[in-house]
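Visitor: Sequence and predicted structure below; questions after.
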Amino acid sequence: MPKKIKSIRRRSRNKKVATQRFVPISEIRNDTVLLKKGGLRAVLDVETLNFNLKSETEQQGIIAGYEAFINTLTFPLQIVVRSTKVNIDPYIEQIHQKAIAQENELLREQTESYAVFVEKIVEVADIMQKKFLVVIPLDDAEEKKSPLSQFFSWIGIDDSSSKITYRRKYFNEKVAKLKDRVNLVDAGLRNIGLSTRRLTTMELIELYYEIYNPKTSQEQKLPKDLNTAQLQL
């Protein structure tokens, strides 16, 4: 193999390793994100409600309920609103398949025309969807550091076999504590009329794949037969 090609491949691998150093996630398993620094994360998908359609009394009840929910928390929460472009290629492909299966020629032409119509709409306008997520953390107690030290400890973490062994040793104990927090948040949000659902391992993998690879994820989807028992990044 030419030396030039070997050099290019070596640099490519080195870039990949260097990039992974700045990803704080070590593993994703049991519907839980494991961070390199030892913390755990659970993510809830929250369905929205139309606040403006509620009566004044209902609105006041929702506000009071949310205030009471916040006051019960003894740990921080991260509320994430994600706006993403909807990939409707599978939907368009489904329409084309239905058109092919149509025995009536007129219905077949109308179905194909509808597919073309949808494709043209997508070309001129980005169809977006919003997702509302609540990230629930569980971190090890740490000594107080300066904001700058905390920043570098977050992005500059090297994983090691000893850290992985430590995380796995105390995983069951810590995940039970995290589950208690998840149940508390779930109950508090449901009391104000918000339905929640904890993201599964596969959904977490897809979420972080899309976050870290916004362009690639639109064109290259993850395989459905991916082993979701454990993912190590």
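Guide: Structure's in. What do you need? Residues are numbered from 1 along each chain as shown.

Visitor: Any regions of the protein where pLDDT drops low?
Guide: Across the chain, residues meeting the criterion (pLDDT under 70) sit at 1-21, 141-164, 166, 224-233.

Visitor: at 80 what do you get?
Guide: Scanning the chain for pLDDT under 80 picks out 1-23, 85-88, 122-128, 140-170, 214-233.

Visitor: contacting residues around the residue nearest the centre of the chain?
Guide: Centroid-nearest residue in the chain, with Cα atoms, centre = their mean: Leu207, separated by 2.8 Å. Contacts for Leu207 (Cβ atoms under 8 Å, 6 or more residues apart in numbering) come out as 43, 133, 199. From N, CA and C alone the C-beta is placed, and that goes for glycine too.

Visitor: Now it: which helix or strand?
Guide: Element membership for Leu207 (DSSP states H and E) is helix 201-212.

Visitor: Contacts for the helix or strand following that helix, please.
Guide: Next along the chain after helix 201-212, taking DSSP H and E as the criterion, comes helix 216-219. Contact partners of helix 216-219, identified using Cβ under 8 Å, 6+ apart, comprise 85, 87, 209-210.

Visitor: show me where this structure has helices.
Guide: Using DSSP state H, the helices of the chain run over 3-21, 56-72, 89-101, 105-124, 147-155, 161-169, 171-190, 201-212, 216-219.

Visitor: Outline the domain layout of this structure.
Guide: 39-85+129-199, 87-126 (automatic domain parsing).

Visitor: Just send those domains back as JSON lines, with mean neighbour count too.
Guide: JSON lines is the format used below for these (neighbours: other Cβ atoms under 10 Å):
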{"stretch": "domain 39-85+129-199", "mean neighbour count": "13"}
{"stretch": "domain 87-126", "mean neighbour count": "12"}
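
Visitor: Now distance to Pro214 too, for the ones you listed, in CSV please.
Guide: Converted to CSV, the domains of the chain look like this (distance: least, Cβ to Cβ, whole Å):
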stretch, distance to Pro214
domain 39-85+129-199, 8
domain 87-126, 12
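
Visitor: Please tabulate the helices of the chain in a markdown table, including the columns distance to Glu47.
Guide: Shown next, in a markdown table, are the helices of the chain (distance: least, Cβ to Cβ, whole Å):
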| stretch | distance to Glu47 |
| --- | --- |
| helix 3-21 | 34 |
| helix 56-72 | 14 |
| helix 89-101 | 22 |
| helix 105-124 | 25 |
| helix 147-155 | 31 |
| helix 161-169 | 32 |
| helix 171-190 | 10 |
| helix 201-212 | 15 |
| helix 216-219 | 23 |
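
Visitor: Tell me which of those helices sits nearest to Pro137.
Guide: Closest approach to Pro137 among the helices of the chain (Cβ to Cβ): helix 171-190, 8.2 Å.

Visitor: Let me know the angle separating the closest one from helix 56-72.
Guide: Orientation of helix 171-190 against helix 56-72 (axes from the mean of the first three to the mean of the last three Cα atoms, to 10 degrees) gives an angle of 160 degrees.
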